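In: give me a 3D structure for the following:
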Amino acid sequence: MKMLRKTYRQALKANELQDALDQLYPTWADEQAAMIHTQILSPLDLLTLTATVDNRREITKIQRALEEKRE
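Out: Residues are numbered from 1 along each chain as shown. As a prediction, the model looks like this:
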């Protein structure tokens with residue numbers, strides 16, 4: 001998990017995507033035992049991971065917009 005966070009996070013160019021990955025990491029770290037047997041990600045896994053991180057970024061944007069409207 002540490003290697004994924006270090007290498008994949010650095011590969012993400014947008015700060016918002018890096019922040020989104022940081023938000024997802026705690027959940028993934030908790031489930032590390034379930035993922036321990038997967039040492040090599042396939043291209044499809046990487047596409048799914050990237051989509052998940054991008055979705056988290058969009059969720060964060062929506063949450064911020066809602067908070068601003070409430071204020």
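
In: show me the shaky parts of this protein.
Out: Across the chain, residues meeting the criterion (pLDDT under 70) sit at 31-41, 43.

In: rerun at 50
Out: Regions of the chain meeting the criterion pLDDT under 50 are absent.

In: quick one, what contacts the residue nearest the centre of it?
Out: Centroid check for the chain by Cα atoms, centre = their mean gives Leu21 as the closest residue, at 2.7 Å. Residues in contact with Leu21, defined by Cβ atoms under 8 Å, 6 or more residues apart in numbering, are 5, 8-9, 12, 53, 56. Just so you know, the C-beta spots here come from the backbone N, C-alpha and C atoms, and that holds for glycine as well.

In: filter those down to the buried ones.
Out: 8, 12, 53, 56 (16 or more other Cβ atoms under 10 Å).

In: isn't the third one right up against Leu24?
Out: It stands for Val53. Yes: under the criterion of Cβ atoms under 8 Å, Val53 makes contact with Leu24 at 6.6 Å.

In: hmm, back to that, gap between the residue nearest to the centre of the chain and Ser42?
Out: Leu21 sits 19 Å away from Ser42, taking Cβ to Cβ, to the nearest Å as the criterion.

In: list the buried residues for the helix ranked longest in the chain?
Out: The residue-count maximum for a helix in the chain (DSSP state H) belongs to helix 43-70. Neighbour counts over helix 43-70 (16+ other Cβ under 10 Å) mark 49, 53, 56-57 as buried.

In: likewise stretch 5-23?
Out: Per 16+ other Cβ under 10 Å, stretch 5-23 contains these buried residues: 8, 12, 17-18, 20-21.
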